[in-house]
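A.B. asks: Fold the following for me, if possible:
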Amino acid sequence: MTNPHVVIIGAGSTGAAIAHDLALRGLRVTLVERFGPASGTTGHNQAQLHSGARYAVNDPHSARECAEENIILRELMPHALELNDGLFIALDEEHLSYRETFLEACAQSYIPTEEIPPA
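C.D. replies: Below is the predicted model:
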């Protein structure tokens, strides 16, 4: 039996990571992209690896999906990522009142959070 040959359409961060992973596992891989690497969605998202936190309150399914993909990509290609995480900042009382809702939604989506005191 020959090695399976996989064709991946899309050379964005996900397609490239999958191609890399499958090649490491010994599969023959062809990566096809219409324009150039990271020229589509990946190139337009400022190369952000979302934690899922921005979706936690209104779209928990997407939030969990982002969090899971974040973990996978951190394990697959740590050398290719600049990990700077993110900050959600409360500027006034209205933002502060959203704090508990936001933190609870992140917890339910398995998104780690850390509160940083203003000082």
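
A.B. asks: and the protein, what are its domains?
C.D. replies: Using automatic domain parsing, the domain ranges for the chain come out as 1-47, 50-114.

A.B. asks: least reliable of those going by mean pLDDT?
C.D. replies: Note on those: domain 1-47 shows the lowest mean pLDDT, a mean of 82.

A.B. asks: ok so, going back, want to try TSV for the domains of the chain, with mean neighbour count as columns?
C.D. replies: Where C-beta positions appear, they are placed from N, C-alpha and C, glycine not excepted. Shown next, in TSV, are the domains of the chain (neighbours: other C-beta atoms under 10 Å):
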stretch	mean neighbour count
domain 1-47	14
domain 50-114	14
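
A.B. asks: Dump the biggest helix by length in the chain to CSV, restricted to CA.
C.D. replies: Ranked by residue count and defined by DSSP state H, the top helix of the chain is helix 60-76. C-alpha atoms of helix 60-76 as CSV (Å, rounded to 0.1, in the frame of the first residue of the first chain):
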residue,chain,number,x,y,z
PRO,A,60,-20.1,30.1,23.1
HIS,A,61,-19.8,27.4,20.4
SER,A,62,-17.4,29.6,18.4
ALA,A,63,-15.6,30.6,21.5
ARG,A,64,-14.9,27.0,22.5
GLU,A,65,-13.9,26.2,18.9
CYS,A,66,-11.4,29.1,18.9
ALA,A,67,-10.0,28.0,22.3
GLU,A,68,-9.5,24.4,21.1
GLU,A,69,-7.9,25.5,17.9
ASN,A,70,-5.6,27.9,19.8
ILE,A,71,-4.3,25.0,21.9
ILE,A,72,-3.7,22.8,18.9
LEU,A,73,-1.8,25.5,16.9
ARG,A,74,0.3,26.4,20.0
GLU,A,75,1.3,22.7,20.2
LEU,A,76,1.9,22.2,16.5
